[in-house]
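Engineer: attaching a predicted model along with its sequence, questions to come.
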Amino acid sequence: MRPLSQLSPEIRQYLLVTGNYWAFTLTDGALRMLVVLHFHSLGYSPLQIAALFLFYEIFGVVTNLLGGYLGARLGLNRTMNLGLGLQVAALLMLTVPAAWLTVPWVMGAQALSGIAKDLNKMSAKSSIKLLVPDSQQGTLYKWVAILTGSKNALKGVGFFLGGALLALLGFTGAVLGMAAALALIWLASLWLLQKDLGKAKAKPKFRELLSKSRAINILSAARLFLFGARDVWFVVALPVYLSSVFGWDFWLVGGFLACWVIGYGIIQSFAPAITGKRSGQVPDGRAAFIWAALLAGLPAAIALGLQADGSEHWVLLGGLLLFGVLFAVNSSLHSYLIVSYAKEDGVSLDVGFYYMSNALGRLLGTLLSGWVYQVYGLAACLWISSAFVLAAALISLGLPRHAKGLAR
């Protein structure tokens with residue numbers, strides 16, 4: 001392997017951006033598991049634990065919109081480093097004495113973590129657009145897929161890391177250790193990350209927060225329904241169902257979902273090969289429609305299968321694995337399209353607007369997941385999931401197509 005100094009400046013910056021994103025993602029996944037396990041041990045119900053993350057999702061919507069504007073005005077290096085710094089602060093908020101860890105305090109820390117996460121993600125995804133020439137769409141797709149897939153795989157690893165740190169160091173020790181490690185990475189990033197990366201040549205005006213691109217508006221709407229379709233049954237309904245109906249203990253539920261997220265991330269990394277990169281094609285609006293259409297009927301099929309006696313385990317777990325594969329391809333394809341559609345000058349404005357829709361979809365799915373499951377059960381959540389994916393597929397029909405061929 002060539003020394004880092006011999007690599008091109010673009011590759012070095014990509015590695016720095018990816019390393020920052022990886023480090024942040026590990027702490028993000030670990031922190032979620034730490035909070036879930038700790039408050040579960042205090043007797044909180046799954047729905048009460050889910051409520052602790054409500055501000056995390058709400059502030060993600062706002063941050064993606066405003067973060068894109070800040071990235072265009074200040075530079076993506078600054079917004080990425082701001083995200084890392086805020087995550088350190090969020091972790092330190094949770095090192096206070098146990099008596100101070102009230103629900104409002106933890107929700108506040110999660111709100112800060114949500115802001116940090118979306119600043120970091122928006123900056124990382126936007127940066128790649130600036131490091132790959134427009135003529136090399138195949139390389140762009142590959143780099144986006146690797147960044148997105150590795151992030152989700154590491155988030156699953158973070159779930160395991162959170163449980164291990166909690167067992168070894170206790171809640172306060174685990175959070176303090178993660179804060180110290182991330183602070184060192186933050187200081188390195190302040191020194192190494194390229195200055196003014198992604199800073200728009202023309203200062204964007206505040207009224208430009210909303211995208212004027214038809215393609216990005218359509219893709220953002222499809223993304224909202226796609227991620228709402230996942231979280232409407234995955235966030236609250238599925239863990240509670242596995243615990244209450246299948247009788248799984250918390251460690252088994254957490255371990256299974258962690259493995260699912262890791263596998264989901266690995267599939268995302270291989271999405272370019274799955275969607276035809278080797279044959280010289282990059283995905284377009286038609287591909288987005290086809291892959292969403294393939295996914296649309298699966299949650300409904302799982303809902304119908306759950307009615308069959310004696311096969312609930314196989315139907316749900318097998319359906320969940322297949323859902324993970326198809327959803328991973330859909331998500332990775334969308335992540336490539338937004339970076340491809342975004343204009344180079346002020347790229348973070350377009351990417352931030354798009355991920356605002358992503359956060360809004362997660363928020364909608366999270367709220368529906370708790371309420372619909374509590375009132376109507378898992379099958380109703382699955383039917384809503386199918387309807388949401390179908391909406392994403394139909395919306396995708398309005399997306400443009402790329403020129404044929406693949407620039408390598």
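Structural biologist: Received the coordinates, thanks.
Engineer: what's downstream of the lowest-mean-pLDDT helix or strand in the chain, the next helix or strand?
Structural biologist: Lowest mean confidence among the helices and strands of the chain (mean pLDDT, DSSP states H and E): helix 46-52, at a mean of 70. Once the chain leaves helix 46-52, the next helix or strand it forms, by DSSP states H and E, is helix 54-74.
Engineer: tell me the mean pLDDT for the next helix or strand after that following helix?
Structural biologist: Tracing the chain past helix 54-74, the next element assigned as helix or strand by DSSP H and E is helix 76-93. The average pLDDT for helix 76-93 rounds to 88.
Engineer: pLDDT weak spots in the stretch 251-400 of the chain?
Structural biologist: Counting by pLDDT under 70, the ranges of the stretch 251-400 of the chain that qualify are 251, 276-281, 309-310, 343-349.
Engineer: and with 80 instead?
Structural biologist: Under the criterion pLDDT under 80, the flagged ranges of the stretch 251-400 of the chain are 251-255, 275-283, 308-311, 339-340, 342-353, 355, 370.
Engineer: what ranges does it have for its helices?
Structural biologist: 271-274, 285-296, 298-305, 312-341, 347-376, 378-396 (DSSP state H, counting those that start in this stretch).
Engineer: residue closest to the middle of this structure?
Structural biologist: By C-alpha atoms, centre = their mean, the mean C-alpha position of the chain lies nearest to Asn152, the distance being 7.0 Å.
Engineer: of all the helices of the stretch 251-400 of the chain, which one comes closest to Phe39?
Structural biologist: Ranking the helices of the stretch 251-400 of the chain by proximity to Phe39 (C-beta to C-beta) places helix 347-376 first, at 15.5 Å. C-beta coordinates here come from the backbone N, C-alpha and C atoms, glycine included.
Engineer: how far away is the residue nearest to the centre of the chain from Ser331?
Structural biologist: According to C-beta to C-beta, to the nearest Å, Asn152 stands 8 Å off from Ser331.
Engineer: check Asp350 too.
Structural biologist: Distance from Asp350 to Ser331, by C-beta to C-beta: 18 Å.
Engineer: got a list of what the nearest residue in space to Leu168 that is not next to it in sequence touches?
Structural biologist: When the adjacent residues along the chain are set aside, Leu168 lies closest to Ala174, with 7.6 Å between them (C-beta to C-beta, 6 or more residues apart in numbering). Ala174 makes contacts with Ala30, Leu34, Gly162, Leu165, Leu166, Leu168, as judged by C-beta atoms under 8 Å, 6 or more residues apart in numbering.
Engineer: check contacts around the residue nearest to Asn330 when sequence neighbours are not counted.
Structural biologist: Leaving aside its chain neighbours, Asn330 sits nearest to Trp291 (5.0 Å; criterion: C-beta to C-beta, 6+ apart). Trp291 sits next to Thr275, Leu326, Val329, Asn330, Leu333 when contact means C-beta under 8 Å, 6+ apart.
Engineer: so who does the last one touch?
Structural biologist: Residues touching Leu333, when contacts are defined by C-beta under 8 Å, 6+ apart, comprise Ala271, Thr275, Pro283, Ala287, Ala288, Trp291.
Engineer: repeat that for 10 Å
Structural biologist: Applying C-beta atoms under 10 Å, 6 or more residues apart in numbering, we find Leu333 in contact with 141, 144-145, 268, 271-272, 274-275, 282-284, 287-288, 290-292, 396.
Engineer: thinking again about what came up before, secondary structure element for the residue nearest to Leu168?
Structural biologist: In the assignment (DSSP H and E), Ala174 maps to helix 137-192.
Engineer: immediately after that helix, which helix or strand?
Structural biologist: Next along the chain after helix 137-192, taking DSSP H and E as the criterion, comes helix 214-234.
Engineer: just checking, what packs against that following helix?
Structural biologist: Contacts defined by 3 or more C-beta pairs under 10 Å, 6 or more residues apart in numbering; DSSP states H and E place helix 214-234 against helix 237-244, helix 250-269, helix 285-296, helix 298-305, helix 312-341, helix 347-376, helix 378-396.
Engineer: list the buried ones in the fourth one?
Structural biologist: Residues of helix 298-305 classed as buried: Leu298, Pro299, Ala300, Ile302, Ala303, Gly305 (neighbour count, 16 or more other C-beta atoms under 10 Å).
Engineer: and Leu37, how close does it get to Leu82?
Structural biologist: Taken as C-beta to C-beta, the span from Leu37 to Leu82 is 29 Å.
Engineer: thinking again about what came up before, distance from the helix holding Ala174 to the middle of the chain?
Structural biologist: Relative to the mean C-alpha coordinate of its chain, helix 137-192 is positioned 13 Å out (C-alpha atoms, centre = their mean, to the nearest Å).
Engineer: ok, stretch 371-379 next?
Structural biologist: 24 Å.
Engineer: residues making contact with it?
Structural biologist: With contacts defined as C-beta under 10 Å, 6+ apart, stretch 371-379 is touched by 46-47, 232-233, 235-238, 240-242, 245, 299-300, 302-307, 312, 316, 369, 380-384.
Engineer: mind redoing it with 8 Å?
Structural biologist: With contact meaning C-beta under 8 Å, 6+ apart, stretch 371-379 is reached by 47, 232-233, 236-238, 240-241, 303, 306-307, 380-381, 384.
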